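A.B. asks: Sequence first, then the predicted structure, then my questions.
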Amino acid sequence: MANLVLKGEKGKNEHYHYVVDPHSRPLGSGGMGQVLRGQKVNEDTGTSTEVAIKFLYDDLPLNVIDRARKEASIQINNDNLVEMREFLVITEEINGTPVKRYHVVSELLRGVRLLDLLKGENTDFEGNEVAFATELSQRYHDDRESTAVFIIKNILSGIMALHDYGYIHRDIDPSNIMVTSEKKIKIIDYGLVKKIDSVKESQDAQLTYAGQFVGKVAYAAPELVAGDIEHQNVTTDFYAIGILLYRLIVGSLPFDGTKAEVMRMQLQESLPLEKVSNPQIREIIRKATEKKQEDRYQSASEFRVALEHLKLNEENNLSNEDAEDYESEDSGNSDGYYEPSKPSKSNDTLKNVAIWGGAILAGGLLGALLRLVI
């Protein structure tokens, strides 16, 4: 069957279109749609570049389509962030009736998710070895602390750019971190981003309802568990990054159990930091994962400076310059734009958390809090 040719209004004005083989193997799929590899063709020069195109499902509600539109608008050129390209709308006529098809276009990443790398995988979707993933895996095996800090520094660089752009991610975990063949560590999937300080604006109120849990419970800050949209801010991402640093250092997650049990522990219990042998790293994780938001790091730069001051094994320490030279994870479905290693189907805050925590323990709102928004 012939390839699909997709051309939106922007493409008409700028003389380009997309070509997709509809029968090619999907790069991934999730709750919003299916991702296929495509080519962006410049009609003036005939040159083309590879892209990833997510075909949104036809029956999605309008609020989910709006979320995808917002996701596509996060167009930041940064070494540690996946680059979104456009929200593509194609209008077709079916039995004389115009029907709109929605797509999200991004750069195509080849590599291995951090989640898979931690399981020992180092090949991309086509079975090709990703040399940087192999190198990183070996470094992690030889010197876990230095390699973990290197990974977290890269994630913080991406998060800093996202925060500067005016958004928080709200879904940092190993399934949303990509180790690429271009020797980059990139944050992917902006499906749960929230505009900073915009909770009272109508759009965010429609896309994320108060009292509704979003993200991964294993990495969720108390204000996420509580569905407290008003108090979700940059420190919400730092909490998740602190959990990820713990996971990389210790080799397992701090809290284990059912979703309801982990949610309760995120609200009420401190991390078992005695498992972190390095006292400096232990202190960094403790500060990042404080229950009170005002006690956490207040900026990505503050968090990163703390990591820079660590005294680690200099011989095995992995730097960004080096990169240029050469369990019970709650991953869920992925709507990321990449070629994965395998298919992936303030005190006020604390008061709010305490109230919601009591509701969880009482069981009255457990059903609502257990809904995941993808």
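C.D. replies: Received the coordinates, thanks.

A.B. asks: Ile155 contacts Ile185, correct?
C.D. replies: Yes. Between Ile155 and Ile185 there is a contact under CB atoms under 8 Å: 6.8 Å. Where C-beta positions appear, they are placed from N, C-alpha and C, glycine not excepted.

A.B. asks: Spit out the residues that contact the two alike.
C.D. replies: Common neighbours of Ile155 and Ile185 (criterion: CB atoms under 8 Å, 6 or more residues apart in numbering): 80, 177.

A.B. asks: In terms of neighbours, single out the busier of these two.
C.D. replies: Ile155 (27 against 24; other CB atoms under 10 Å).

A.B. asks: ok, now which ones touch that one?
C.D. replies: 80, 172, 177, 185, 187, 241, 244.

A.B. asks: Return the distance of it relative to Glu145.
C.D. replies: 16 Å (CB to CB, to the nearest Å).

A.B. asks: Could you do Lys7 as well?
C.D. replies: For Lys7, the distance to Glu145 - CB to CB - is 50 Å.

A.B. asks: These two: who's more crowded?
C.D. replies: More crowded of Lys7 and Glu145, by other CB under 10 Å: Glu145, with 20 against 16.

A.B. asks: since we're on Thr97, how many residues are nearby?
C.D. replies: Neighbours of Thr97 (other CB under 10 Å): 7.

A.B. asks: beta partners of it?
C.D. replies: Judged by DSSP bridges, the bridge partners of Thr97 are Ile94.

A.B. asks: Same check on the one 10 residues further on?
C.D. replies: Applying DSSP bridges to Glu107 yields these beta-bridge partners: Val51.

A.B. asks: Test my guess that it contacts Leu81.
C.D. replies: No. Judged on CB under 8 Å, Glu107 makes no contact with Leu81 at a distance of 9.9 Å.

A.B. asks: Quick check on these two: which one has the bigger neighbour count.
C.D. replies: Set Glu107 next to Leu81 and count neighbours by other CB under 10 Å: Leu81 wins out with 23 against 17.

A.B. asks: and the gap between that one and Val20?
C.D. replies: 24 Å.

A.B. asks: do Gln293 as well
C.D. replies: Gln293 is 43 Å from Val20, by CB to CB.

A.B. asks: For these two, work out which one has more neighbours and name it.
C.D. replies: More neighbours surround Gln293 than the other of Gln293 and Val20, with 24 against 18 (other CB under 10 Å).

A.B. asks: The more buried one contacts His231, correct?
C.D. replies: Yes. Using CB under 8 Å, Gln293 is in contact with His231, at 6.6 Å.

A.B. asks: From what I see, Pro272 and Pro254 are in contact.
C.D. replies: Yes. With contacts counted by CB under 8 Å, Pro272 reaches Pro254, the gap being 5.8 Å.

A.B. asks: For the two, work out which one has more neighbours and name it.
C.D. replies: Pro254 (23 against 12).

A.B. asks: mind listing what that one touches?
C.D. replies: Counting by CB under 8 Å, 6+ apart, Pro254 has contacts 243, 246-247, 271-272.

A.B. asks: I'd like to know which of these are part of strands.
C.D. replies: In strands, judged by DSSP state E, none of the contacts of Pro254 are found.

A.B. asks: What strand or helix carries Arg264?
C.D. replies: helix 259-268 (DSSP states H and E).

A.B. asks: Could you tell me which residues within that helix count as buried?
C.D. replies: 259, 262-267 (16 or more other CB atoms under 10 Å).

A.B. asks: And stretch 30-42, by the same measure?
C.D. replies: Under 16+ other CB under 10 Å, the buried positions of stretch 30-42 are 30-33, 35-41.

A.B. asks: from those, which single one is nearest Lys311?
C.D. replies: Of all these, Lys311 sits closest to Gly30, with 41.5 Å by CB to CB.

A.B. asks: And that closest one, its phi and psi?
C.D. replies: When quoted as degrees, to the nearest 10, the phi and psi of Gly30 stand at phi -160, psi -160.

A.B. asks: In terms of pLDDT, where does it sit?
C.D. replies: Listed pLDDT for Gly30 reads 80.

A.B. asks: Lys153 versus that one, what's the distance?
C.D. replies: 28 Å.

A.B. asks: How about Gly111?
C.D. replies: Counting by CB to CB - Gly111 and Lys153 are separated by 18 Å.

A.B. asks: Which one of those two is surrounded by more residues?
C.D. replies: Gly111 (28 against 18).

A.B. asks: which residues does that one bridge with?
C.D. replies: Beta-bridge partners of Gly111, counted by DSSP bridges, are Thr180.

A.B. asks: doesn't Val130 make contact with it?
C.D. replies: Yes. The pair Gly111 / Val130 is scored as a contact, 5.2 Å apart, by CB under 8 Å.

A.B. asks: re the thing from before, just the buried members of the contacts of Ile155?
C.D. replies: 80, 172, 177, 185, 187, 241, 244.
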